[in-house]
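Enquirer: For reference, the sequence and a predicted model appear below.
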Amino acid sequence: MRSRFGVGFTYLSSRPLPYGQHADPVTLLDASAAVGWRFVELGLEAWNLADRRYAASEFSFVSNWGRPEIPSLLPARHLAAGPPRTLLFTLTVSL
C-alpha cells in the first residue's frame, strides 16, 4: 500500500494597473491526496479550498458600449474571475 499527500499555497501580490490603480492581493490553498494498492490508485485534488472569489486577471482600459452623445474616456476596471472551489477525483489503473 502506498499513499501521497500534498498542500499548495499561492500568494498573488498586489499588481500595478494603469492610472495608479492596483489589483487586490490573493491567497489560495490547494491540497491533494492519493492511496494506491497494487495497480490501482484512488486520488483527490482540491483547488481553492477556501472558495475565495478573486480576479485571476485584472485590466484597466477605456470601454464604453453605450451610445451617449459624449462618450466617457475614463478607464474602467475589467476582470477575469478565478475558478471556484474545485474537487477532482481520480482512479488510476496501471497495466
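Expert: Perfect, thanks for sending it. Everything numeric here is computed off the predicted structure, so don't read it as measured data.

Enquirer: got a list of what residue 82 touches?
Expert: The contact partners of residue 82, taken as Cβ atoms under 8 Å, 6 or more residues apart in numbering, are 26, 28, 48, 52, 53, 54, 55, 56. Yep, even glycine has a C-beta here, placed from its N, CA and C like the rest.

Enquirer: Weed out the non-buried ones from those residues.
Expert: 26, 28, 48, 54, 55 (16 or more other Cβ atoms under 10 Å).

Enquirer: Out of the contacts of residue 82, which is nearest to residue 89?
Expert: Of all those, residue 48 has the smallest distance to residue 89: 16.3 Å, by Cβ to Cβ.

Enquirer: Centre of this protein to the edge, which residue is at the far end?
Expert: Distance to the chain centre peaks in the chain at residue 69, reaching 39.1 Å (criterion: Cα atoms, centre = their mean).

Enquirer: ok, for residue 74, nearest residue in space, not its chain neighbours?
Expert: Excluding the flanking residues, the one nearest residue 74 by Cβ to Cβ, 6 or more residues apart in numbering is residue 62, at 7.0 Å.

Enquirer: Many thanks, we can stop here.
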